[in-house]
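Student: here is a sequence with its predicted model. Questions after.
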Amino acid sequence: MIKILENAAELKKEIAQLGKEVAIDEILRIDLPFIESQPLFTVLNIPSYGQDRAHNILFVAQDKTFVVSGVTTIKIEKKFEKFLKKKHGETTIGIFMLLKAILKNYSHEFWSIRDRMNALDLDPQLDSIEETGRDLRKLTDRLEGLLQIIMELIEEEIDCFNPQLIKFEYDLLMTETRYWLERCRSHNYRIASLRTKSEMKSNRELNDTMKKLTTIMTFLTIVSIVVSVPGTVGAIFGIPALSDAYFKSHTQILIITLIATTILSLVLGFFYWRSLNLKQR
């Protein structure tokens, strides 16, 4: 008999009534698929997405099966109803339906991560890429754990589970799990590609900034030359000994010299600016 429970507290009460000792709280702290099979009981815990640390726990002891699930109510499909009266049929179908619901939940999370990666393709932001990469690695680890549990349920020959009743569907579930696992692994390479795109974007932005700084420094250099040349000439002409002896009576020459040096500085600055080809970079 499968009994659906609301939370882990109810599960601990049911386990206590059976006289079993199981560290449910410690099991809930495990963020990856976990299975423990003892001669008198089997406990299965698989985390899922969509809720805050949602867990899916299945406890089987004697002829009783307790389920706490965040993704499914263990609704038995009609085609499996004929197996329920067979030995271990109910627990086998219950475990299978739970595994199937978890895999569907993981596939939805994969599509969500993939949509985020598609958005990052257009606008690669390093922080978002790193966060997406962590989520993808976590999903990959969970899929690896799920596949390990699916294989272990066959290899360990657990008493409460008989995969031969649904051999074709179970093999199909294993194949589908491998498929999603390989898709996650292949997208880990795409994360590396997004990091490269982000670095290239940062380099382009840095180059643009350096170009702007170069333009500003070039302009300031030309201005300083334009200002300093006539200033220097004026300072020389302003020496009292020279002014009184010669330039005081030749004011026009002084003015013409200042204007000429200023124009010459502007012309030379203009040609220097043109030689840099800043607009074409």
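Tutor: Happy to help now that I have it.
Student: okay, helices next: where are they in the stretch 1-150 of the chain?
Tutor: Applying DSSP state H, counting those that start in this stretch to the stretch 1-150 of the chain gives helices spanning 8-17, 24-28, 89-122, 126-155.
Student: which strands or helices does the last one pack on?
Tutor: For helix 126-155, the packing partners by 3 or more CB pairs under 8 Å, 6 or more residues apart in numbering; DSSP states H and E come out as strand 34-37, strand 41-47, helix 89-122, helix 167-237. Where C-beta positions appear, they are placed from N, C-alpha and C, glycine not excepted.
Student: distance check, Tyr49 against Asn56.
Tutor: Using CB to CB, to the nearest Å, Tyr49 is found at 11 Å from Asn56.
Student: neighbour count winner among these two?
Tutor: Per other CB atoms under 10 Å, whichever of Tyr49 and Asn56 has more neighbours is Asn56, with 22 against 18.
Student: what does the pLDDT read for that one?
Tutor: Asn56 carries a pLDDT value of 84.
Student: bridged to it, which residues?
Tutor: Under the criterion DSSP bridges, Asn56 forms beta bridges with Ile46.
Student: enumerate every residue touching the residue most central in space within the chain.
Tutor: Centre of the chain computed as the mean C-alpha position; nearest residue by CA atoms, centre = their mean is Thr132, 1.0 Å away. By CB atoms under 8 Å, 6 or more residues apart in numbering, the residues touching Thr132 are 113, 116-117, 120, 191, 194.
Student: repeat that with 10 Å
Tutor: Thr132 makes contacts with 112-114, 116-117, 119-120, 125, 187, 190-191, 194, as judged by CB atoms under 10 Å, 6 or more residues apart in numbering.
Student: any chance of the helices of the stretch 1-150 of the chain in TSV, plus distance to Leu266 and mean pLDDT?
Tutor: Below are those laid out as TSV (distance: least, CB to CB, whole Å; pLDDT from 0 to 100):
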stretch	distance to Leu266	mean pLDDT
helix 8-17	82	82
helix 24-28	78	82
helix 89-122	46	88
helix 126-155	45	90
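Student: now render the ones you listed as a markdown table, adding distance to Val68.
Tutor: Listed next are these as a markdown table, based on distance: least, CB to CB, whole Å:
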| stretch | distance to Val68 |
| --- | --- |
| helix 8-17 | 5 |
| helix 24-28 | 9 |
| helix 89-122 | 11 |
| helix 126-155 | 17 |
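Student: how far away is Asn105 from Leu153?
Tutor: Asn105 is 18 Å from Leu153, where distance means CB to CB.
Student: higher neighbour count, the two?
Tutor: For Asn105 and Leu153, the more surrounded residue by other CB under 10 Å is Leu153, and the numbers stand at 24 against 20.
Student: for the more buried one, what are its contacts?
Tutor: For Leu153, the contacting residues are 35, 37, 42, 44, 92, 95-96, 99, 160-163, 170, 174, by CB under 10 Å, 6+ apart.
Student: tell me how far it lies from Leu58.
Tutor: In terms of CB to CB, Leu153 sits 11 Å off from Leu58.
Student: and for Leu264?
Tutor: On the measure of CB to CB, Leu264 and Leu58 end up 90 Å apart.
Student: also Ile259?
Tutor: 95 Å.
Student: which of the two has more neighbours?
Tutor: Higher neighbour count among Ile259 and Leu58: Leu58, with 24 against 11, using other CB under 10 Å.
Student: what residues are up against Asp191?
Tutor: Slight slip there: residue 191 is Ile, not Asp. Contacts of Ile191 by CB under 10 Å, 6+ apart are 113, 117, 120, 129-130, 132-134, 136-137.
Student: hang on, the earlier thing: please identify the deepest-packed of the helices and strands packed on helix 126-155.
Tutor: strand 41-47 (a mean of 23; mean count of other CB atoms under 10 Å).
Student: and that strand, what does it pack against?
Tutor: helix 8-17, helix 24-28, strand 34-37, strand 55-61, strand 64-68, helix 89-122, helix 126-155 (3 or more CB pairs under 10 Å, 6 or more residues apart in numbering; DSSP states H and E).
Student: pLDDT weak spots in this structure?
Tutor: Applying pLDDT under 70 to the chain flags residues 1, 51-53, 71-78, 80-84, 225-227, 229-251, 253-254, 273, 276-281.
Student: quick one, domains of it?
Tutor: Using automatic domain parsing, the domains assigned to the chain come out as 2-203, 208-280.
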